[in-house]
Structure formats: structure tokens, C-alpha cells
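# Sequence plus predicted model, see below.
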Amino acid sequence: TPADIGVIGLAVMGRNLARNFARHGHRVALYNRTPTRTRALVEEFGKEGDFVPAETPQELVASLARPRRIVIMVKAGAPTDAVIDEFVPLLEPGDIVVDGGNAHFQDTRRREAALRERGLHFVGTGISGGEEGALNGPSIMPGGTAEAYQSLGPLLESIAAQVDGRPCCTHVGPDGAGHFVKMVHNGIEYADMQLIAEAYDLLRHGAGRQPAEIAEIFQGWNAGRLESYLIEITAEVLNHTDAETGRPFVDIVQDRAEQKGTGRWTVQTALDLGVPVNGIAEAVFARSLSGSVALREAARDLPGPTETWLDSAASDRFAEDVEQALYASKIVAYAQGFHEIQAGSAEYGWNVNLGDMAAIWRGGCIIRARFLNRITAAYQADPQLPTLLADEYFTKALGEAQSAWRRVVTTAAQLGIPTPGFATALAYYDSLRANRLPAALIQAQRDFFGAHTYQRVDREGTFHTLWAGDRSEQRQ
Ligand code: NBP
């Protein structure tokens, strides 16, 4: 019997995805450039399901039912193009090529257009959840045509994480939509991690709590509205003791955060679209700053405040304030990410359903969290909502949190503890709220030095003041 699906690229992700398909009763054809990986998979996990190993691309293609469905799971970039070029000549119109790697959505748009010319479906698919998710149920964000999804959807939905009986997989939209949404998902993940790290830092260095005590606080938060995978694993990390030194594990890890690039893409794309994603940008910059060894070394002796700890009474209250600040800042970061998806969807004509995106992130992926239900509800109530902050539930939550949030940002500044994520989220909130922004002054400055013109609050038209002359106003 022919195979239901083929998986190309059997490193950690491809291997686990192939096993996941097989465990769900699908017959899975396997191919990897280096055949030892293919053989190892069958040897170790052959009993888990129905595998058809292939040693050449031709063999893989010949083993598949039509229309053929193949999932490419290789390193993003040039390797993905190499694999596409190798397989495309062997395929026939109607066949479906899925790229499950972390491709840039513009690459996906290019590849989709090229394969469409040949009558092939190209489905750029975001897959989140890492190694573990790939095996036990990831969150899956497929782009491409609706026709391709009809054939592919049931297979992907069967291996996706399930929450409340619903698979964490849905057709996101045409061409690059799936990879765009995955990119923003990762950007939000950066922001979420940064905010959690700041909360830890404040409790550790402001309230004087030890890592194990902070783990307990996080466990408490995880029983409430902040319940999420990231809070849960944070508590586990903080509870972990280094076997060698007996010290808290968090203290023996070098304080330099690395990055693979999807956070940077999210910010670069936001800049191109003109969408303010301050929280995500600060998170990317915070990682860059942490890794700037020479910069930090050169600045180590800069003076700080004299007051550096809270007294114990204040520190008890402070933990509650930090919970409020974290929730509020997290809402802002997600609002910015969803704004970017909305803008990308409008720019490229994808018609992405924002509420569905929050729904398929409820399981399988790194940012899975209880409060995503609230985002789905917000977009169900108003699919055109200009910002999540304007949704009734979120407006209320932010209103309740704002005093504590302000206290946290103020205290952090007084104690000299950097909280770029909390601070920029609050600045975004206050900027959106403002009746008048000082942008009026900036526009006036631009008119002064560059005759860039301005519009008036009291009548229509475009104006310029003759700053170097008699300062009379001209209508343009
Ligand atoms: P890697 O990203 O480490 O890629 C290794 C695979 O790519 C191997 O199968 C390798 O074959 C193959 N490959 C390379 Br490299 N160059 C090739 C070429 N020119 N032709 C054919 N095959 C080539 O694997 P991974 O960590 O499993 O990730 C796979 C994809 O999934 C990536 O795009 C990644 O960004 C994405 N992703 C990863 C995670 C995660 O948590 N790791 C999560 C979500 C998405 P070989 O065995 O012959 O060298």
C-alpha cells in the first residue's frame, strides 16, 4: 500500500514528526540525505507504526499515494531550497509540498509562487513546540491554498495538540501566512520570556527572594490567570540545583541569551509594516545587550542608586504588584503581536482569523497559556478590533493592574533594576491612552528644519510656516 505522507529530513524535528504521524495510524515514508538517520529511525522506533524507508528521492516519491504529500523538515534557508529543487522535478501537478521548517515568510511567498507555476501546492507551515511538541502534539500553522488544506488538514489536525477537543491546527491563509504567524508567535515568545525574566529579577534583587522562594511564587501565579507553559517551566528552572556546585542552577548559567533570528524577523517586519511592537523589540535588544560582553564590561563602573533593596514589609506587597505588572505587560506584548498579524494580513491579503490564531496557540506551543481564551473571545466579539487593549475584558484588567504596574516600574527605576519590557509596555499603554502626544512638537520641528509641513487641529489642509522668514503661515 502507498504511504499517506512522506517526511524529508529526519533530524530531531522531522524524526519526531514522522513518529507522531505513524503513532496516529498514518503510513509514513521516510527520507534523509544521510541514510543512516533513516535507518536509525526505523531500527529504534519501527514498532511504533507503519514506516516506509527510502534511500533515494525517487524511492520516496514512488512510495506515496496521490496527490503526494511530503513534509520537508530540514534546516531553513539554502538547505530547504536544495531539497525543493531536488524533489520538484519528481512530482506531478496537484502534489503538495509542506515546509515545516522555520522559513522567513518572504521565502515562503517566493517558493509558493514558483511551485504554483508548476501546478504544485506549497504549504509553508509554522510548527511550534520544539522536539517534545513535534512528537506529542505541536501547534501547527499551515499556509497555502484552501485546496491543499483540504487534503492535508486532516493529517495535520490528527497529530496536532488537542485542547477542549479541538486540534491546535487550522488553515491560516494563503502563501506565507502560516510562516508569518509562526514568526510573530516567536516574537511574542521573546517578549513573554523577557517579562518573566524581569519579574524574577525584581523579586530576586528588589525583594531579596531566593530562587527557590521565587519558584514558589511562580507556582502560585501558575494557578491563576498567568497559568502558562513558560511560567511553569520557569518555576522548575528556579527550583533546580546545580549538582556540581550545589548552587541554584540559574546562578551558574552565564547571563547571555542567544537567539536564532525569528524575534529579529518579527521586529524587522514590524518596522517595514510600521507597526509598533516595542515589547518584542525590547526583548530582542535585551538579548543582544546581554551578549555584548565588551560593552557591559566597559560600563560596569557606572554609578547606580544608593537605595538598592526594599524593606521586608514592602517586599511582601511587591510580589503581588509584580504579578499585576507581569499580566498587564503580557497583555500589551500580545496586543502588539496581534496588531502585527493584522497588519501583515491586510498587506498581503491573507484574511487571517485572529481569534483562531489565539485558539491554536492554546496547546502544543511554547506560549500556550490560559489567557489565550480571552484573546479568542475578544476577536469573536469584534473581528475588526483595532487593538486587544480596547476589548472590554482587557481594558478592565489593565485598569485594575495599572497602579501596581506603575509602582513596579517606579520601584525598578529607583532600585536601578532594568525592566525594559515592563517599562516599554507601560509607555505603550500610556501613549495609546494619551489625548495629545508630543508628536505635535516633532511635526513642528520637522516643519522648522525641513519644511515637511503640518496639519492643523482646527481646519483642513496642509501648512508650512516660514520659520526663517516672517513666520507667516502658508497653505500648501
Ligand atoms: P536542523 O535544522 O538541524 O537540520 C538538520 C536536517 O537538515 C538534517 O536532516 C540534514 O540532513 C538536513 N539538511 C541540511 Br542541514 N542540509 C541539507 C541539504 N542541503 N539537503 C538535504 N538535507 C539537508 O534540524 P531540526 O532541528 O530538526 O529542525 C528542522 C527544521 O525545523 C528547521 O527549519 C528548524 O528551524 C525547524 N524547527 C525546529 C525546532 C526545534 O525546536 N529544533 C522547532 C520548530 C521548528 P543530514 O542528516 O543529511 O545532515
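All right, it came through fine.
# How about Asn373, nearest residue that isn't a chain neighbour?
Nearest-residue entry for Asn373: Arg362, 7.0 Å, with adjacent residues in sequence omitted and distances by Cβ to Cβ, 6 or more residues apart in numbering. For glycine as for every other residue, the C-beta is placed from the backbone atoms N, C-alpha and C.
# and the one you found, that one's in a strand?
No: counting by DSSP: H, G, I helix; E, B strand; the rest coil, Arg362 falls outside a strand, being coil.
# surely it meets Leu372?
Yes: using Cβ atoms under 8 Å, Arg362 makes contact with Leu372 at a distance of 5.0 Å.
# distance of Leu273 from the ligand?
Taking Cβ to the nearest ligand atom, to the nearest Å as the measure, Leu273 falls 23 Å from the ligand.
# what sits against that residue?
Leu273 makes contacts with 340, 343-344, 347, as judged by Cβ atoms under 8 Å, 6 or more residues apart in numbering.
# And the furthest pair within these?
The most widely separated members of the contacts of Leu273 are Glu340 and Glu347, with 10.3 Å between them, by Cβ to Cβ.
# Count the residues that sit near the residue of the chain found nearest the ligand.
With Cβ to the nearest ligand atom, the shortest gap between the chain and the ligand falls at Gly101, namely 2.5 Å. When neighbours are defined as other Cβ atoms under 10 Å, Gly101 has 25 of them.
# Tell me the confidence at the residue nearest to Asn373?
Here, the pLDDT recorded for Arg362 equals 97.
# which bits of the protein sit near the ligand?
9-14, 32-34, 37, 73-76, 79, 82-83, 101-102, 127, 130-131 (Cβ under 6 Å from any ligand atom).
# make it 5 Å
Counting by Cβ under 5 Å from any ligand atom, the residues of the chain lying close to the ligand are 9, 11-13, 33-34, 37, 73-76, 79, 82-83, 101-102, 130.
# Would you list the buried entries among those residues?
When burial is judged by neighbour count using 16 or more other Cβ atoms under 10 Å, the buried members of these are 9, 13, 37, 73-74, 76, 83, 101-102.
# now, which of the residues you listed sits nearest Thr410?
Within these, proximity to Thr410 (Cβ to Cβ) peaks at Asn102, which comes in at 38.7 Å.
# my guess is that closest one contacts Phe180, does it?
No: counting by Cβ under 8 Å, no contact exists between Asn102 and Phe180, whose distance comes to 12.0 Å.
# re earlier: Glu340 and Glu347: which is more packed in?
Shown here are Glu340 and Glu347; by other Cβ under 10 Å, Glu340 has more neighbours (25 against 14).
# Pull the contacting residues for the more buried one.
Shown here is Glu340, whose contacts under the criterion Cβ under 8 Å, 6+ apart are 184, 187, 266, 269-270, 273, 275, 277.
# Narrow these to those in helices?
The helices in this structure, assigned by DSSP state H, contain 184, 187, 266, 269-270, 273 from the contacts of Glu340.
# so, if you compare those residues, which one comes nearest to Leu230?
Here the nearest of these to Leu230, counting by Cβ to Cβ, is Gly187; it sits at 14.1 Å.
# residues touching that closest one, list them.
262-263, 265-267, 270, 277, 280, 283-284, 337, 340.
# Tell me the one of those nearest Val163?
Gly337 (19.5 Å).
# now Met183: how far from Arg362?
In this structure, Met183 and Arg362 are separated by 19 Å, where distance is defined by Cβ to Cβ, to the nearest Å.
# ok, those two, which is more surrounded?
Higher neighbour count among Met183 and Arg362: Met183, with 29 against 23, using other Cβ under 10 Å.
# Double-check that one against Gln106; I have them as touching.
No: Met183 is not in contact with Gln106 according to Cβ under 8 Å; the separation is 10.3 Å.
# shared neighbours, these two?
Between them, Met183 and Gln106 share no contacting residue under Cβ under 8 Å, 6+ apart.
# just to confirm, which helix or strand has Thr80 in it?
Secondary structure assignment for Thr80, by DSSP states H and E: helix 78-87.
# what's the answer for Gly6, then?
According to DSSP H and E, Gly6 maps onto strand 5-8.
# ok, now Gln474?
Remark: Gln474 resides in strand 473-475, with elements defined by DSSP H and E.
# so the residue nearest to Asn351 when sequence neighbours are not counted, which of the three states?
The shortest distance from Asn351 to any residue other than its chain neighbours is 5.8 Å, reached at Gly173 (Cβ to Cβ, 6+ apart). Look at Gly173: counting by three-state DSSP, its state is coil.
# which residues touch Gly173?
Applying Cβ under 8 Å, 6+ apart, one finds that Gly173 lies in contact with 143, 345, 350-352.
# Out of those, which end up buried?
The buried subset of those - by 16+ other Cβ under 10 Å - is 143, 345, 350, 352.
# residues contacting the residue lying closest to the last one once chain neighbours are set aside?
Spatial nearest neighbour of Val352, chain neighbours left out: Ser345 (4.0 Å); criterion: Cβ to Cβ, 6+ apart. Ser345 makes contact with 173, 177, 351-352, according to Cβ under 8 Å, 6+ apart.
# Go again with 10 Å.
172-173, 177, 180-181, 351-354, 357 (Cβ atoms under 10 Å, 6 or more residues apart in numbering).
# Thank you kindly, that will do.
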